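Student: this one's structure only:
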């Protein structure tokens, strides 16, 4: 997947270069570290992608002369119909937060909702 | 269920038969529904944040405390800032990206539909916690300013749970942003239709991608700052307390490392919006597509290196470095302005409501940009920072820019999303009230800022020449409110009228205009051939289509 | 469409009305440092006017000249040019030159405005606290302190000598505050645990309003003070009358 890799390496190079330039000018650590990690993050993704990403064949998306027929039979992905777990997860977080205001009695309620929702999400994505 | 190119419209099996009504909306993973949910929720927060601003301006209309006392006022401007930035403009941009990016690249949905749903609900959760932090706490709400600078936001000077809840809310919003950012980037890289190379992407999608990247880059350091602040507040940490060897300036660095890219997150999607509208309403091809893409990438890149221009007056950062970077970032924005003008030049301009808002955007944002260049100069910043000049500058960019872009987007894509039109007549009224009201409100703030009025004050002394501009500014809010009211009337009456819009009411360029209004489930029953950045236009105007391949890049 | 013009005319009227005082309302600077900053402001201000005039002119021309006439065939297209590389390069290069010039001018003005003289004539210690100011002239043993701030309570007043360089050493007792005298065109943050130093060399006699310009909590709005610039002789007389008992205001 050459296109994605190329962009990822560019972002990594940019972050590392800019961070170095910044450090040389200012010798200020907080910003320098932040900018260097801005470069490290896409590098990590790029390394993973190179190892585990699909083969280097050009995809129809990147083929300037492709037409809709070129992608005959290609799988577009899986698109689950609907899920209620995110709603319950967030309800749990809200109740947990509200416990700071309205009383710690709400804390176990919130924690239970969160746990239940996470379990539900995990099981749903396995299926 | 799995889709292939033949089975773009699979027959639903009993197991995935959707429920109707509210349950469908609460459990949806369809990017179009989630996009609409984001936009409606964000707009609701706009109304709340606007009401808070109205209260502030009512207080500032005259000297002396008439309506709200200092504690309430300090809460008002804190919450107003958080709501408008994190709960209105940014999520509206995410909502637009959610709705449009898969359509514009010819994909059936986002790469991670369940993650998409999660990011929406985390946004809602963050919003609820923010509201809770403002109003439902004993000593009034959080009142530290939206930056939450320590030591003011630390345990000694802001005890009480307000700031803790706010930090928790911001954490949820940050997670939401990271999730949607990952989604947009992955979708754009991996799910483009055949022939839709990166250099044929519509500008809105390009801007959405750079916005997503900025979100991924910018939020983590701010989260670190918030977590450290939480440690200071609750667990005896000393990260930002000078008495314990800590340094409040570290917080500022970490916060503004987010804070500055955040304002580009606020504006870039709307640069994208008007870059879609102007060519369509000029009946011309976009001028300088390559320049636009390079300028967008440059703005994204440079925006990571300008953060301490918010810290010029601290005296502890390298002012020239940040000044140079801040001046530099004016150049790509200027290039965009000339490209927009170049797009209108030689065209046939229709002044539809979306085009009026786009023109309003250009007029307002120019002022925001020029005053921004002034603020990039440290010696000028020594006078202008933390005054109403600064307040007016960022309202010219965020409100005169992004919010006008929001209304432009609403009027442009409403027919696509719902299948019926909003009223052009009422829309022109909305534009007039908003444009006049906005300038009435914020232009005097430049004046009073130059006369020495600092920001974030509940009251001011008479005799300094601040009364008249403040009064005019407060009257402007009345006009703004009328504009919003007319807009709400338009929304309600248009729904009743249901004037059908058709697939392509405006003569659109990008792929969303090549499908029905509203689009079917999974967006396209058939895709056109893609040979340029405006495939829908090419499809309908084969006589104009380029026969030789246009901008060929990877 | 007409409404867009009405709005713009209203805006222009405002600009005209509000520019009628010292260059758009910016004080001219009552210190040497402030006057340098004001000169820089003039350059930026007129450059901004120029840029706005050009851009608004081009936009206005496009809107007028290229608007679709009434009853014109809706399906007519505009001229389909979409690039002009030499032009694009020019209008990228010119802004680059402009910002380089603006940067260099800013850099030089900052050097002079923030430069610290080798031997200031007077030293003023300014300590901000929530919510007031403790001003001290350590060499002379004089101190001026705020009453607790509230609506209607005047802040402390200090005197400074005309034409002499006062070194201000600024710090905070608690949260972050900031010292701003708008007529001096200069503000600096008051940071706990740090001392920020800057010089003011007043060039005008008068009474100048000062504020705290970094939000610091409940009574931030009332944390005002006054700086009165007097002749060196009057300053010495004031010092003598305030010392040595501490001179609490």
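Tutor: Happy to help now that I have it. Predicted model, so just to flag it, every value in this text is computed and none were measured. Residues are numbered from 1 along each chain as shown, chains lettered A, B, ... in the order given.
Student: in contact with the residue nearest to the spatial centre of chain A, which residues?
Tutor: Central residue of chain A (Cα atoms, centre = their mean): residue A:45, 10.0 Å from the mean position. Listed by Cβ atoms under 8 Å, 6 or more residues apart in numbering or on different chains, the contact set of residue A:45 reads residue A:8. From N, CA and C alone the C-beta is placed, and that goes for glycine too.
Student: phi and psi next, for residue C:30.
Tutor: phi -110, psi 20 (degrees, to the nearest 10).
Student: now do the helices in chain A.
Tutor: Using DSSP state H, the helices assigned to chain A run over residues A:2-26, A:29-52, A:85-102, A:106-126.
Student: okay if I get those helices as CSV plus mean pLDDT?
Tutor: CSV is the format used below for these (pLDDT from 0 to 100):
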stretch, mean pLDDT
helix A:2-26, 90
helix A:29-52, 89
helix A:85-102, 89
helix A:106-126, 91
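Student: so which of those is the most surrounded?
Tutor: Comparing the helices of chain A by mean neighbour count (mean count of other Cβ atoms under 10 Å in any protein chain shown), helix A:85-102 comes out on top with a mean of 21.
Student: neighbours of the residue in chain C that chain A sits nearest to, how many?
Tutor: Closest to chain A within chain C is residue C:107: 13.1 Å, counting by Cβ to the nearest Cβ. Using other Cβ atoms under 10 Å in any protein chain shown, residue C:107 has 16 neighbouring residues.
Student: so which strand or helix has it?
Tutor: helix C:85-113 (DSSP states H and E).
Student: which SSE is immediately downstream of that helix?
Tutor: Sequence-wise, the next helix or strand downstream of helix C:85-113 (DSSP H and E) is strand C:122-129.
Student: pLDDT of the following helix or strand past that next one, averaged?
Tutor: The element immediately downstream of strand C:122-129 (helix or strand, assigned by DSSP H and E) is strand C:132-137. For strand C:132-137, the mean pLDDT works out to 94.
Student: strand C:132-137 packs against which elements?
Tutor: Here strand C:132-137 touches strand C:122-129, strand C:142-145, going by 3 or more Cβ pairs under 8 Å, 6 or more residues apart in numbering or on different chains; DSSP states H and E.
Student: what's in contact with it?
Tutor: By Cβ under 8 Å, 6+ apart, strand C:132-137 touches C:122-128, C:142-149, C:155-156, C:158, C:173, C:223, C:225, C:239.
Student: name every strand pairing with that strand and say which way it goes.
Tutor: Strand C:132-137 sits in its sheet next to strand C:122-129 (antiparallel), strand C:142-145 (antiparallel), going by DSSP bridges.
Student: so which residue is smack in the middle of chain C?
Tutor: Taking Cα atoms, centre = their mean, chain C has its central residue at residue C:185, 4.4 Å away.
Student: tell me the confidence at it?
Tutor: pLDDT for residue C:185: 96.
Student: now the helices of chain A in a markdown table, with distance to residue B:345?
Tutor: Below are the helices of chain A laid out as a markdown table (distance: least, Cβ to Cβ, whole Å):
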| stretch | distance to residue B:345 |
| --- | --- |
| helix A:2-26 | 32 |
| helix A:29-52 | 38 |
| helix A:85-102 | 47 |
| helix A:106-126 | 52 |
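Student: so which of those helices comes closest to residue B:188?
Tutor: Checking the helices of chain A against residue B:188 by Cβ to Cβ gives helix A:2-26 as the closest, at 9.7 Å.
Student: which strands and helices sit next to that closest one?
Tutor: Where contact means 3+ Cβ pairs under 8 Å, 6+ apart, helix A:2-26 is packed against helix A:29-52, helix B:162-190, helix B:319-328.
Student: among those helices, which is nearest residue B:252?
Tutor: helix A:29-52 (9.2 Å).
Student: in contact with the residue of the stretch 451-554 of chain B found nearest chain C, which residues?
Tutor: Residue nearest to chain C within the stretch 451-554 of chain B: residue B:452 (2.9 Å; Cβ to the nearest Cβ). Neighbour list for residue B:452: B:387, B:464, C:27, C:180, C:182, C:183, C:209, C:211 [criterion: Cβ under 8 Å, 6+ apart].
Student: just those now: which is nearest residue B:522?
Tutor: Using Cβ to Cβ, residue B:387 is the member of these that sits closest to residue B:522, with 52.2 Å.
Student: contacting residues for the closest residue to that closest one other than its chain neighbours?
Tutor: Spatial nearest neighbour of residue B:387, excluding adjacent residues (Cβ to Cβ, 6 or more residues apart in numbering or on different chains): residue B:449 at 4.1 Å. The neighbours of residue B:449, taking Cβ under 8 Å, 6+ apart as the test, are B:384, B:387, B:388, B:389, B:390, B:391, B:392.
Student: any idea how far chain C is from the first one?
Tutor: Okay, so that is residue B:384. 9 Å (Cβ to the nearest Cβ, to the nearest Å).
Student: pLDDT wise, what is that residue at?
Tutor: 96.
Student: that one touches residue B:374, doesn't it?
Tutor: Yes. Using Cβ atoms under 8 Å, residue B:384 makes contact with residue B:374 at a distance of 6.6 Å.
Student: neighbour count for these two, which is higher?
Tutor: Legend: neighbour count by other Cβ under 10 Å for residue B:384 and residue B:374, higher for residue B:384 (26 against 21).
Student: since that was my last question, I'll sign off now.
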